[in-house]
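> mind looking at a prediction? Sequence and model below.
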Amino acid sequence: METSRTTRIALMIYGLAVIAFLYLPLVSVAFASVSQARYLSFPIRRYSTGWFGDALASKEVHMLAMTSLKVAVIVTILSMVIGFFGALAFARYRWRYRSLFQKLVLLPIFFPQTVLGLALLMWFNALGIIPTWKTAIVAHLVWIAPIATLIVAIRAYSFDPALEEAARDMGASTPVILREITLPLLMPGVISAGLFAFLLSWGNFPLSLFTTGADSTLPEWLYAKMVSGYSPLVPTLGILSVLGSFLLVLVALVGFALYRALRPQN
């Protein structure tokens with residue numbers, strides 16, 4: 001069915017409106033990050049890029065970024081592993097309690113993060129565990145690992161079981177099938193889950209607020225600066241985080257493209 005010219009124009013206008021709605025707030029943050037004034041105000045009278053230099057040179061920012069990075073990287077790796085094996089049980093195999101497992105896996109996604117963070121904080125206190133950035137990893141995993149499992153499961157649902165059965169008929173062992181067939185076919189979903197896990201953990205505020213204890217992540221610091229002691233470093237770090245996220249996605253896409261290009265074709 002051919003789309004009319006009027007419909008195409010209307011869809012283009014709608015798409016541009018959606019993009020503007022999503023990205024215009026980032027444009028305002030970008031303008032605030034180059035303002036020479038110490039306090040946020042529009043219109044901007046004097047521009048300066050000095051805040052970017054201050055942000056990159058700040059030891060406090062380095063420490064906060066390293067804490068956020070450690071949490072995000074560990075959460076990403078664990079979420080990819082949990083998501084991969086969880087998705088196989090979620091979508092690939094049929095067993096007695098599969099339906100109950102699906103519900104339990106998805107349940108944390110529907111909890112408000114503030115409620116989940118408070119519950120985890122009370123649980124840590126009951127166990128006598130002092131909250132640090134390590135407990136934040138556990139908190140992030142409780143919410144992010146189910147999302148990663150769901151993302152990989154979407155790929156697993158399109159998985160053809162006949163491929164594994166054919167390999168097994170040819171004498172391949174279970175580890176070989178997992179390494180040579182299952183993992184490569186699910187790899188796009190695993191990488192997508194890893195990207196989502198990193199970005200969700202890197203920018204997570206509610207769970208970090210309740211479970212990092214004396215440690216502090218970048219989103220917590222940004223919130224504290226917004227409610228008291230505002231500085232142009234706030235929008236500057238926001239823009240740097242956004243640029244870093246775009247760079248991460250770009251590197252992941254390029255890396256996956258190289259992986260597909262260099263991987264031997266069977």
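Great, that's in hand. Residues are numbered from 1 along each chain as shown.
> okay, now Gly203: neighbour count?
If you count neighbours by other CB atoms under 10 Å, Gly203 ends up with 18. Every residue, glycine included, has its C-beta placed from N, CA and C.
> please read the previous query as pertaining to Phe52.
Neighbours of Phe52 (other CB under 10 Å): 17.
> what of the one 3 residues further on?
When counting by other CB under 10 Å, one arrives at 21 neighbours for Ala55.
> skip the chain neighbours and tell me the closest residue to it.
Thr236 (4.9 Å; CB to CB, 6 or more residues apart in numbering).
> who's in contact with the one you found?
Ser33, Trp51, Phe52, Asp54, Ala55 (CB atoms under 8 Å, 6 or more residues apart in numbering).
> do that again at 10 Å, thanks
29-30, 32-35, 49-56, 61 (CB atoms under 10 Å, 6 or more residues apart in numbering).
> which parts of the stretch 51-200 of the chain are helices?
Using DSSP state H, counting those that start in this stretch, the helices found in the stretch 51-200 of the chain span residues 59-87, 98-106, 113-126, 133-157, 161-169, 174-177, 183-202.
> from the contact counts, what lies against the least confident helix or strand in the chain by mean pLDDT?
For the chain, using mean pLDDT, DSSP states H and E, the weakest element among its helices and strands is helix 161-169, scoring a mean of 73. Secondary-structure packing of helix 161-169 (3 or more CB pairs under 10 Å, 6 or more residues apart in numbering; DSSP states H and E): helix 174-177.
> CA atoms only: put the helix it packs on into CSV for me.
Taking Å, rounded to 0.1, in the frame of the first residue of the first chain, the C-alpha atoms of helix 174-177 are listed here in CSV:
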residue,chain,number,x,y,z
THR,A,174,26.3,-28.8,25.2
PRO,A,175,29.2,-26.4,25.9
VAL,A,176,30.1,-26.4,22.2
ILE,A,177,26.5,-25.7,21.2
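> Arg45 touches Ser35, doesn't it?
Yes - using CB atoms under 10 Å, Arg45 is in contact with Ser35, at 8.3 Å.
> how about low-confidence regions in this structure?
1-3, 36-42, 44, 259, 262-266 (pLDDT under 70).
> mind doing that once more with 80?
1-5, 23-58, 90-99, 102, 158-184, 225-233, 244-245, 248-249, 252-266 (pLDDT under 80).
> tell me who's in contact with Val227.
Contacts of Val227 by CB under 10 Å, 6+ apart: none found.
> what's the local residue count around Ile177?
Ile177 is flanked by 18 other residues according to other CB under 10 Å.
> quick check: closest non-adjacent residue to it.
Ala167 (5.0 Å).
> just checking, that neighbour touches Pro175?
No - Ala167 is beyond contact range of Pro175, at 11.5 Å (criterion: CB under 10 Å).
> comparing those two, which residue is more hemmed in?
Ala167 (17 against 8).
> rewinding a little: which of the contacts of Thr236 count as buried?
Val29, Ala32, Ser33, Val34, Ser35, Trp51, Phe52, Ala55, Val61 (16 or more other CB atoms under 10 Å).
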